[in-house]
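J.: okay, predicted coordinates and the sequence, questions at the end:
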Amino acid sequence: MLKLERYAIHGRGLRRVFEGEGGDGGGGDAGFVGSDGVFTENWTARDEFKDNAAMLNYKSVTDLANGVVATKKKLGKNPDTLVEIPSETSGDDVKTAWSKAHGRPDTQDLYEYTLSDDHAIKLEPLDDTKMAAFREFGHKKNWSQKDFKDVLDFYHDNMVGDIDTFNTSFEEQKTAAKEKGMAILKGIWLEGTDDRIAGALEHLQKYAEIEVKGADGEMVNPLEMLLNESPELKNSPWFTMILDTMKQKMGEATRKGGEGSGALSLEGINSQIAGIRAQQSAIKEKNPVNFKGDPEFKRLEDSLKVLYQKKPA
């Protein structure tokens with residue numbers, strides 16, 4: 001920092017007044033400011049200025065004065081409060097003064113942070129371990145409270161961006177998979193697709209409606225819990241294919257007498273008949289004029305005949 005010293009009029013210019021000299025004493029350096037206030041040639045070659053290239057910017061006393069005023073305005077209203085910016089070799093007193101001037105809290109636990117309303121919709125607050133790590137790191141880096149908040153806001157902005165990108169990609173994959181599955185269903189079942197889907201869900205409802213006792217003693221319906229947890233299963237073509245296949249295999253086993261499991265009970269036969277009648281009714285509603293020509297209706301008719309033959313006398 002430039003240290004201003006006293007100067008006295010000497011001839012047509014100014015000269016530095018050394019300690020112990022009077023204002024008009026002789027000796028010392030020759031003057032380096034002309035009567036017009038312009039610095040003499042090579043004035044920056046003096047010992048006190050030769051290592052300061054910035055002095056070359058000043059050509060006169062007016063330039064130098066204006067530079068001092070402008071510098072003080074840039075540094076603040078109270079330049080006496082300015083502190084030295086520490087370097088790697090600075091002492092602890094310099095580093096401490098800089099930290100205090102920069103606004104770093106006295107202790108790391110004084111840093112505060114709360115998720116913004118927008119971030120809180122998609123993110124959970126940092127756990128205590130991560131927050132403690134951020135506070136410790138910020139304190140070592142001399143972060144102010146504002147620095148601490150800005151860094152964590154930036155971190156959470158990126159987290160939300162990653163979540164949005166993942167969700168968009170995931171939804172696109174789900175949509176593509178569903179469209180592929182529906183194309184397969186319609187290619188296999190043609191006009192009977194909607195009825196087959198409805199029949200598959202009825203089958204699920206019929207055979208998967210069970211209750212189990214939870215640890216608290218309350219009864220729980222697993223199917224209800226599953227569909228509440230994953231409601232998209234009701235509209236999944238892949239899940240529908242699985243259910244329909246299970247339904248057809250159970251029907252085949254029934255027609256074969258349970259494949260060694262004994263004859264089907266009357267109650268089981270009546271249940272199968274009721275299910276088939278429901279499917280036929282759906283076909284009739286869809287095609288009341290020519291429902292008998294529907295291949296699926298004919299297949300169901302054949303299944304009914306087999307079931308009626310299995311009824312005990």
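T.: Yep, it's here. Numbers count the residues shown, from 1 in each chain.

J.: mind splitting the chain into its structural domains?
T.: 7-81, 192-310 (automatic domain parsing).

J.: most tightly packed of those?
T.: domain 192-310 (a mean of 14; mean count of other CB atoms under 10 Å). The C-beta positions use only the backbone N, C-alpha and C, and glycine is treated the same way.

J.: so what's the residue lying closest to residue 199 once chain neighbours are set aside up against?
T.: Leaving aside its chain neighbours, residue 199 sits nearest to residue 279 (5.2 Å; criterion: CB to CB, 6 or more residues apart in numbering). Each residue near residue 279 by CB atoms under 8 Å, 6 or more residues apart in numbering is listed here: 195, 199, 296, 300.

J.: how about 7 Å then?
T.: By CB atoms under 7 Å, 6 or more residues apart in numbering, the contact list for residue 279 reads 195, 199, 300.

J.: go ahead and confirm the first one touches residue 281.
T.: In this case it means residue 195. No: at 9.8 Å, residue 195 does not count as touching residue 281 under the criterion of CB atoms under 7 Å.

J.: mean pLDDT for the domains of the chain: which is lowest?
T.: Among the domains of the chain, domain 7-81 has the lowest mean pLDDT, at a mean of 63.

J.: can you give me the strands in this structure?
T.: Taking DSSP state E to define them, one finds strands in the chain at 7-10, 13-16, 212-213, 219-220.

J.: what about the helices in the stretch 201-313 of the chain?
T.: With DSSP state H, counting those that start in this stretch as the criterion, the stretch 201-313 of the chain has helices at 222-229, 237-255, 266-286, 295-310.

J.: and the angle for the last one with helix 266-286?
T.: Between helix 295-310 and helix 266-286, the angle formed by their directions is 160 degrees, by axes from the mean of the first three to the mean of the last three CA atoms, to 10 degrees.

J.: need the contact list for the closest residue to residue 99 other than its chain neighbours.
T.: Of all residues beyond its chain neighbours, the one nearest residue 99 is residue 142 (4.9 Å), with distances taken as CB to CB, 6+ apart. Contact analysis of residue 142 by CB under 7 Å, 6+ apart lists 98-99, 102, 104.

J.: understood, closing this out.
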